[in-house]
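Student: Dropping the sequence and predicted coords here.
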Amino acid sequence: MVTRSIKLRPDQVADFVDAATKCSFDIDIFYNHYTVDAKSILGVYGLDLTKNLTVRYDGYNAGFEGFLKRLSVAC
């Protein structure tokens, strides 16, 4: 299981969901106790995008990894 901390702006949500949708594995994104499917644009927009979000997944997709690298924040 891979866990990454990211900062997501509202104008990046559609690209994030598009990248997640191209993955064959499940991806969750959460903040505090709210967890949503990262492939759901409405779910991701429902999160507090002013905070750091955590992405958790179990798989590998080079395009998704590259996208997360641009969004990642230092812990």
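Tutor: Thanks, I have the structure now. Everything numeric in this text was worked out from a predicted model, so none of it was measured.
Student: This protein: helices as residue ranges?
Tutor: Counting by DSSP state H, one finds helices in the chain at the ranges 13-21, 41-45, 62-71.
Student: So residue 3 is in contact with residue 56, correct?
Tutor: Yes: in this structure residue 3 lies within contact range of residue 56 using Cβ atoms under 8 Å: 5.0 Å. In short, each C-beta sits where N, CA and C put it, glycine included.
Student: Looking at the two, which is more packed in?
Tutor: Each of residue 3 and residue 56 has its neighbours counted (other Cβ atoms under 10 Å); residue 56 has more, 15 against 10.
Student: With residue 11 as the reference, measure out to the more buried one.
Tutor: As defined by Cβ to Cβ, to the nearest Å, residue 56 lies at a distance of 23 Å from residue 11.
Student: swap in residue 46?
Tutor: For residue 46, the distance to residue 11 - Cβ to Cβ - is 16 Å.
Student: Which one's more surrounded, these two?
Tutor: Between residue 46 and residue 11, counted using other Cβ under 10 Å, residue 46 has the larger neighbour count: 11 against 7.
Student: who are the neighbours in contact with the more buried one?
Tutor: Contacts for residue 46 (Cβ atoms under 8 Å, 6 or more residues apart in numbering) come out as 34, 36.
Student: In this structure residue 19 contacts residue 65, no?
Tutor: No: under the criterion of Cβ under 8 Å, residue 19 makes no contact with residue 65, lying 9.5 Å away.
Student: Name the residue in those two with the higher neighbour count.
Tutor: Higher neighbour count among residue 19 and residue 65: residue 19, with 21 against 14, using other Cβ under 10 Å.
Student: wait, what's in contact with that one?
Tutor: Residues touching residue 19, when contacts are defined by Cβ under 8 Å, 6+ apart, comprise 63, 64, 67.
Student: So which of those residues is the closest to residue 50?
Tutor: residue 67 (20.2 Å; Cβ to Cβ).
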